[in-house]
Every structure is written in C-alpha cells, then in structure tokens.
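**Student:** Predicted coordinates and the sequence they were generated for:
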Amino acid sequence: MRLARRPVGDVGPDDWEHVTEAAAAPGAGRFAGRTRYISLDPAMRGWLDDRPSYLPPVGIGEVMRAASIVEVTESDHPDFQVGDLVTGAFGVQERVVSDGRGALKIDPAAASPSTYLGALGMPGLTAYFGLLDVGALKDGDTVVVSGAAGAVGSMVGQIAKAKGCRVIGIAGGAEKCALLTGELGFDAAIDYRTENVRKALRTHAPDGIDVYFDNVGGDVLDAALANLARHARVVICGAISQYNTTTGVQGPANYLALLVARARMEGFVIFDYAPRFTEAAREIGGWIAAGRIKVLEHVVKGTVDDFPATLQMLFRGENTGKLVLELD
C-alpha cells in the first residue's frame, strides 16, 4: 500500500494506491517473508503530513510506514531462518525483503505474535516510559489517562495500578468505561461523550491529579489542566482529537494552571528510550505473566486492501485496545 497523495483532514481511500509487483529474491545477507500482522497507530496520521517531526514524512509513492510481524519464507541471512517470526518497521505490504536491520525475532511461545505489536511493542513501551520516566510516577499518585481504552491508555492505567496508584480513565462510551473499571481494574472511568469531564474529574479526583497522561488533546486536556494537584506532571503522548483538523490545532486554553499548580507539561518520543527497551519489555512481560496486566487487542482479519478502512477505526473510536490487521 503506497501513499498516493497528502490527505487533507480525514484520510480517504483516494489517498492510497495498491501496487502489485513481483516478489524479489532475498539475495546474500537478506531474508524474505510474508506479512502476518500489521500495526495500526494514531501516529500514522502525522507521518502523512509534509512537515517537520520526529520522523520524516512518508513520501508520495512510498510504501506506508508501519510496524508488522513477518514470517520468514526464504533466507540467506545468518540470524534469520525459514519459519522465524520477526517484528520490524516493514510497512504495509504483503511480502517483505530485508537485510535484518531493525528486525527482531519474537517468541510465539511466550506471547501471541500480535502482542509484540501492542503490550510488548511500541504502545506498551510508550506507556511504560511515558508514565514512569516522564510522568515520574510515585506510589499513591492519582493518575488520569485519556484515550484510556486504547492501546497506550489501557497500558498506562494498568501499569499505574501495578505501581500502587489510583487510576481514572477517560474513554468514549459506556461499554469502554465498564471495561476499564471491570476487566482492567481502573478505580473510575469518565465517559467524555455523555459526562462533563471537568466536573467528573473534580468528583473522582477531589485532591487533584498528580499525573495526567494525555492521548487526545483538545477539550479533554483543558479539563484535566483545570484540576491539577500541586507539582503535577502532564505527559503529552498524543492528541488524536486534533490529527484530522483542517482549521488548526486547538491548544490548551488552561495552560496557566501549570503556573498555579507549579506543575510541568512535557512531551516525549519513545525512540529516545531505545537503549532501555529490553528492560521495559521484561517488566511488562512479568506483569502479564503474573496476571497484573491484561492484554487488550482488537484484531481485524483481512488483506492489505483493508488497511485504509481499518486505519479510520482509530479516529472514529471504534477500536478497544491495540488495533491490528491480521492478513489472511
């Protein structure tokens, strides 16, 4: 799947081009494989815009960037054998040829392959470092996370609970909120579609928010800023409510609350923590094995042609947990 043009606002089917080409032989020092799973992430929308960011934009005519799980089908590489499952940034394509740079073998006996794109992949690592390092989490903190039923948000809340904190999740819809307080063990959940978020935060966090982990931006971020505790930490992970705007990003009107609360607001990029990925994955894996973290995945079965429609599920709030496209 190649990018045909820069989208304006919502990403539509005409922004993509499905190109069919003959699969190349791997050659010396390379391996070939077929894609089994493709990761879908809100950050993909930002990669489509031609503007400075932490990664260069996807070029017109280039294969869409994506993390994926590939099964090796042919290999002339000493580190990868036929049958190995490998994760890497292989893109939205059915067949892959790689020299192995950035590729990592996974153990399907330890976890489902798709979990290496979610809880044990970038979303889990993002939650881990964003909450513990950027958010400087302390035992007993009151933690609020937006987009709480998504891939990152659901991990943030569960990690905070594993660390002994009170957790309030903000999500869209009664079903998602019930999942947060039921299956995932959050202390409270706020439905931003039907509740006044600012008032609900005052109810559930009467002493203020110690750590606010933001995935959505906009009005929800403003509501959280209005209820910060002294020396609060606001972690800026994403702003999915703003990604498709055509009228300019809505900035926080309540930013002066940072001054009053002597708080700080800080963004981060997960790739800055690459040297510590193994450390985080080991601890997350331990929590999963102990039953302290439940893996939440939304797997859609289909083909590469289903990628554009599946991507839009993220921006309509239709997924619960990590969204993955499993190729038939």
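**Tutor:** In hand now; what should we look at? Residues are numbered from 1 along each chain as shown.
**Student:** P42 is in contact with Y243, isn't it?
**Tutor:** Yes - proximity of P42 to Y243 meets the contact threshold set by Cβ atoms under 8 Å, at 6.6 Å. Every C-beta, even on glycine, is put in place using the N, C-alpha and C of the backbone.
**Student:** Overlap of the contact sets of the two?
**Tutor:** With contacts taken as Cβ atoms under 8 Å, 6 or more residues apart in numbering, the residues that reach both P42 and Y243 are F315.
**Student:** Is the nearest residue to W287 once chain neighbours are set aside within a helix or a strand, and which one?
**Tutor:** With Cβ to Cβ, 6 or more residues apart in numbering as the criterion, W287 has its nearest non-adjacent residue at 4.2 Å, and that residue is I293. In the assignment (DSSP states H and E), I293 maps to no helix and no strand.
**Student:** swap in I168?
**Tutor:** Following DSSP H and E, one finds I168 within strand 166-171.
**Student:** and that strand, how far from the chain's centre?
**Tutor:** Taking Cα atoms, centre = their mean, to the nearest Å, one finds the center of strand 166-171 at 17 Å from the center of the full chain.
**Student:** Ok, stretch 143-158 next?
**Tutor:** If you compare the mean C-alpha spot of stretch 143-158 with that of the full chain, they lie 10 Å apart, counting by Cα atoms, centre = their mean.
**Student:** Repeat that for stretch 41-48.
**Tutor:** Its chain's C-alpha centre and that of stretch 41-48 lie 10 Å apart, by Cα atoms, centre = their mean.
**Student:** What's the mean pLDDT across the helix or strand encompassing E175?
**Tutor:** Under the assignment given by DSSP H and E, the secondary-structure element containing E175 is helix 174-181. Mean pLDDT, helix 174-181: 98.
**Student:** just stretch 304-319 next, same as before
**Tutor:** Stretch 304-319 shows an average pLDDT of 96 in the prediction.
**Student:** Pull the residues that contact that stretch.
**Tutor:** Counting by Cβ under 8 Å, 6+ apart, stretch 304-319 makes contact with 1, 10-13, 15-16, 18, 35, 38, 40-42, 44-45, 64, 92-94, 150, 172-173, 240, 243-244, 298, 300, 302, 323, 325, 327, all of which sit outside it.
**Student:** Could you pick out which of those residues are located in helices?
**Tutor:** Those of the contacts of stretch 304-319 mapping onto helices are 44-45, per DSSP state H.
**Student:** Filter the contacts of stretch 304-319 down to the buried ones, ChimeraX style.
**Tutor:** A single ChimeraX command selects the buried members of the contacts of stretch 304-319 (16 or more other Cβ atoms under 10 Å):
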select :1,11,15,16,35,38,40,41,42,44,45,64,92,93,150,172,240,243,298,300,323,325,327
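**Student:** Against R230, how distant is the residue nearest to W287?
**Tutor:** According to Cβ to Cβ, to the nearest Å, I293 and R230 sit 30 Å apart.
**Student:** the more surrounded of the two?
**Tutor:** Here I293 and R230 are compared on neighbour count by other Cβ atoms under 10 Å; more neighbours surround I293, at 24 against 11.
**Student:** The more buried one and G285 touch, don't they?
**Tutor:** No - counting by Cβ under 8 Å, I293 sits too far from G285 to count as a contact (9.2 Å).
**Student:** So Y273 belongs to a strand, correct?
**Tutor:** No - assessed with DSSP: H, G, I helix; E, B strand; the rest coil, Y273 is helix; it does not lie in a strand.
**Student:** In contact with the closest residue to R202 other than its chain neighbours, which residues?
**Tutor:** Once flanking residues are discounted, R202 sits nearest to N227: 5.9 Å by Cβ to Cβ, 6+ apart. N227 makes contact with 198, 201-202, 205, 208-209 under the criterion Cβ under 8 Å, 6+ apart.
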